[in-house]
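K.L.:
Sequence and predicted model, in that order:
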Amino acid sequence: MAKTQLNVRVDEGTARAARERALARGMSVNRYIEELVRKDTGEVGHTFVEAAADFMKQYESVFAEEFGPDGAPSDRTREGRH
């Protein structure tokens, strides 16, 4: 993905907080700001939901075997055996 430079002005306290938070997370300030914007626009949440849906689709048969078509635990699950 192509990158575009964006210059912003913030007060020193905000800049210091951004640097500290980025450092604590082991990332650049640029990456930290990118992640904040993505979270704010829902991109991360959307990605999570897509990954969860893919996971459920991939393991659908396992869940159906374990919990049955109605979602209730199987006898085996209720008795604590797996």
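P.N.:
Right, received. Where do you want to start?
K.L.:
Residue ranges of each domain in this protein, please.
P.N.:
Under the assignment automatic domain parsing, the domains of the chain span 8-41, 42-82.
K.L.:
Could you report the distance from residue 59 to residue 12?
P.N.:
The spacing between residue 59 and residue 12, counted by Cβ to Cβ, to the nearest Å, is 50 Å. All C-beta spots, glycine's among them, are computed from the backbone N, C-alpha and C.
K.L.:
Please identify which of those two sits among more neighbours.
P.N.:
Neighbours around residue 59 and residue 12, counted as other Cβ atoms under 10 Å, are more numerous at residue 59. The numbers are 12 against 7.
K.L.:
for the more buried one, phi and psi?
P.N.:
As for residue 59, its main-chain torsions (degrees, to the nearest 10) stand at phi -110, psi 20.
K.L.:
Now do the contacts for it.
P.N.:
Shown in contact with residue 59 (Cβ atoms under 8 Å, 6 or more residues apart in numbering): no residues.
K.L.:
Begin at 380, not 1, for the rest of this chat.
P.N.:
Sounds good: first residue 380 from here, last item residue 438.
K.L.:
okay, it: pLDDT?
P.N.:
As predicted, residue 438 sits at a pLDDT of 83.
K.L.:
Tell me the secondary structure of residue 406, please.
P.N.:
Three-state call for residue 406 (DSSP: H, G, I helix; E, B strand; the rest coil): coil.
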